[in-house]
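Asker: predicted coordinates and the sequence they were generated for:
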Amino acid sequence: MNRIGADIFVESLVKEGVEYIFGIPGAVIIPLFDKLYDSPIKIILTRHEQGAGHAADGYARASGKVGVCIATSGPGATNLVTAIATANFDSVPMVAFTGQVRTPLIGNDAFQEADTTGITRTITKHNCLVRDVCDLPRAIKEAFHIARTGRPGAVLVDLPMDVSLGECDLPYPGSVNIPGYKPTCKGNERQIKFAAEAINESKRPVLYVGGGVIISEASQEIMELATKASIPVTTTLMGLGAFPETHPLSLKMLGMHGTVYANYAVMDSDLIIAVGARFDDRITGRIDTFAPGAKIIHVDIDPTSISKSIKVDIPVVGDARGILRSLINYVEPATHDEWLAKINDWKQQYPLRYAPDGLKPQYVIEQICEATKGEAIIATEVGQNQMWTTQWYTHTRPRHFISSGGLGTMGYGFPAAIGAQLACPGKLVFDIAGDGSIQMNIQELATAVQYNLPVKVAILNNGCLGMVRQWQELFYQKRYAGTLFQHNPDFVAVAKGYGAEGIRVTKKEEVRPAIEQAIQTPKPVFIDFVIDRDEKVFPMVPAGQAINKMIGGMA
């Protein structure tokens, strides 16, 4: 029986198990929204397409499922670009659908036409323009398959209006076979044995864990390997929560704003076991000085990530969980008492610390952690708020820390928290924000209120673009060009204007009561914490320096 493309679109999403679709309608996608109206899929009407993309991304990170967003042609599609790039950079499974002008008009500068596939070619794992309605079932099946398999990523499907209205009788395929796309999942056993031998011979090993461990659900395997062989564990930003920071073997995060002891351990190690991490520049610092005495094992499902930045001695391509399971069988129990004692000395000498006077952002985050018992899903914006959160919230669970890593997208955290709240309706969700970042997608407060999503937003309000200002102070002779806000809105009034709740905090003793009040409030809440503009994120590795050359201490 013939069905129109819009019917095929909705039926395909239902078969893929889609619960929510985030987006905003427009002229060329009205047929799709019309069919969604009667479907079991719930439309989440955001207030900006970028917010829709970030919400789909946050939903995917919190749930492990594919996030789905939709936008109309032209400006709707271009508004999605930042969100698509954010998701793809961090290996988030997301499928974005965009409307397109009718196929005869493509290339003729029609109203609200944009070359969406051209624009997004370098920021998607895959994209396609569907020109024939009978190609639509296969295109959607391939989109979901590519988004969720191998190294996950963002996929875009561009749908001309006449394809949405065209007729076809082809069923939705049960499987796909894509020539040239065969991700390697099972690791080479010979390479795994080589890796185990290197671990067994090592005296100063370090596990360097990235977001790939969370994606592959391999946190338990990391725990087993670390404890069996007494290997200290450091994580990337994307890897936070893959290994509990309460564990004695935890080094917390490494890199530009990592702990001193994590960076010292990496630089002094004789073996780095990298799992699901990509050696980005914020981790390695100056490449020619990185871990000079270490042999490097790299486990990753993406072969293009191996030896891309740092030369690897033992590559193992495949899914982290399966490889780790095999590796654990070959690794011998070990203690590494001398190595762990040295690391514990560093932990005693170089703890994270801040001055206790005044209303400090570090204290705010510590109190959020205590009040939530470390069990909340924490989203962040980007900048100082993000780095303070990595340092002062104790991360113990996978899929509980949601933040833009590779692209560093300001305005990400709040809509991502909305997506996470929908993915985990029974969980407490906090977005830790700066006063700069929160204003980039502040309109999504209307989305949170409309759908009764009780997301809590802790705004660390220092009246400036804090991280850029920090760099200007430290490296540009305090020439604060374009970073100081002469005027900020009244965030409490803004929250109430949208139908949410707002609380202002100006004193240290007000912090915990305000957090408790927000937690008890069954609606979205903005907490405006007015903090010191001069507070900085330390320790810090200056750009271009080795990661053990840190500016340490307190602000």
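Answerer: Looks like it came in fine.
Asker: ok, which stretches of the stretch 151-300 of the chain are strands?
Answerer: 154-160, 167-168, 205-209, 233-235, 250-253, 271-275, 295-300 (DSSP state E, counting those that start in this stretch).
Asker: cool, and the stretch 351-500 of the chain?
Answerer: With DSSP E, counting those that start in this stretch as the criterion, the stretch 351-500 of the chain has strands at 377-380, 401-402, 429-434, 456-461.
Asker: dump the ones you listed to CSV, plus distance to Q545 and mean neighbour count.
Answerer: (Glycine included, C-beta is placed from N, CA and C.) Below are the strands of the stretch 351-500 of the chain laid out as CSV (distance: least, C-beta to C-beta, whole Å; neighbours: other C-beta atoms under 10 Å):
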stretch, distance to Q545, mean neighbour count
strand 377-380, 25, 29
strand 401-402, 26, 28
strand 429-434, 25, 31
strand 456-461, 27, 28
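Asker: to R282, which of the strands of the stretch 151-300 of the chain lies closest?
Answerer: Among these, strand 250-253 comes nearest to R282, with 10.1 Å by C-beta to C-beta.
Asker: hmm, who's touching the closest one?
Answerer: By C-beta atoms under 8 Å, 6 or more residues apart in numbering, the residues outside strand 250-253 that reach it are 206, 232-237, 240, 243-245, 258-259, 261-262, 265, 343, 352, 390-391.
Asker: ok, the residue lying closest to R399 once chain neighbours are set aside - contacts?
Answerer: Nearest residue to R399 in three dimensions, chain neighbours excluded: A62, at 5.6 Å (C-beta to C-beta, 6 or more residues apart in numbering). Listed by C-beta under 8 Å, 6+ apart, the contact set of A62 reads 377, 399, 402, 419-420, 423-424.
Asker: of the residues you listed, which is the most crowded?
Answerer: Of all the contacts of A62, G419 has the most neighbours under the rule other C-beta atoms under 10 Å, reaching 33 neighbours.
Asker: hang on, that residue packs against A52?
Answerer: No. At 9.2 Å, G419 does not count as touching A52 under the criterion of C-beta atoms under 8 Å.
Asker: who touches both of the two?
Answerer: Residues touching both G419 and A52 by C-beta under 8 Å, 6+ apart: F22.
Asker: now do G187, the pLDDT please.
Answerer: Model confidence at G187, expressed as pLDDT, equals 96.
Asker: could you measure from it over to E221?
Answerer: From G187 across to E221, the span is 12 Å (C-beta to C-beta, to the nearest Å).
Asker: again with F491
Answerer: Separation of F491 from E221 (C-beta to C-beta) stands at 43 Å.
Asker: go on, I527?
Answerer: The spacing between I527 and E221, counted by C-beta to C-beta, is 38 Å.
Asker: circling back: same list, the strands of the stretch 151-300 of the chain, but as a markdown table with mean neighbour count, mean pLDDT and distance to F111 please.
Answerer: What follows is these, written out as a markdown table (neighbours: other C-beta atoms under 10 Å; pLDDT from 0 to 100; distance: least, C-beta to C-beta, whole Å):
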| stretch | mean neighbour count | mean pLDDT | distance to F111 |
| --- | --- | --- | --- |
| strand 154-160 | 28 | 98 | 14 |
| strand 167-168 | 16 | 96 | 25 |
| strand 205-209 | 27 | 98 | 49 |
| strand 233-235 | 29 | 98 | 48 |
| strand 250-253 | 22 | 98 | 48 |
| strand 271-275 | 27 | 98 | 50 |
| strand 295-300 | 25 | 98 | 45 |
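Asker: let's have the ones you listed in JSON lines, adding distance to R131.
Answerer: Shown next, in JSON lines, are the strands of the stretch 151-300 of the chain (distance: least, C-beta to C-beta, whole Å):
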{"stretch": "strand 154-160", "distance to R131": "7"}
{"stretch": "strand 167-168", "distance to R131": "13"}
{"stretch": "strand 205-209", "distance to R131": "43"}
{"stretch": "strand 233-235", "distance to R131": "44"}
{"stretch": "strand 250-253", "distance to R131": "46"}
{"stretch": "strand 271-275", "distance to R131": "42"}
{"stretch": "strand 295-300", "distance to R131": "36"}
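Asker: ok so, going back, which of F491 and E221 has more neighbours?
Answerer: Higher neighbour count among F491 and E221: F491, with 24 against 21, using other C-beta under 10 Å.
Asker: which residue packs closest to that one, ignoring adjacent ones?
Answerer: Counting by C-beta to C-beta, 6+ apart, the residue nearest F491 is D528, at 4.2 Å.
Asker: which residues sit in contact with that neighbour?
Answerer: Residues near D528 by C-beta under 8 Å, 6+ apart: 459, 461, 491-492, 502-505.
Asker: and of these, the nearest to L359?
Answerer: Comparing these against L359 with C-beta to C-beta places V505 closest, at 7.1 Å.
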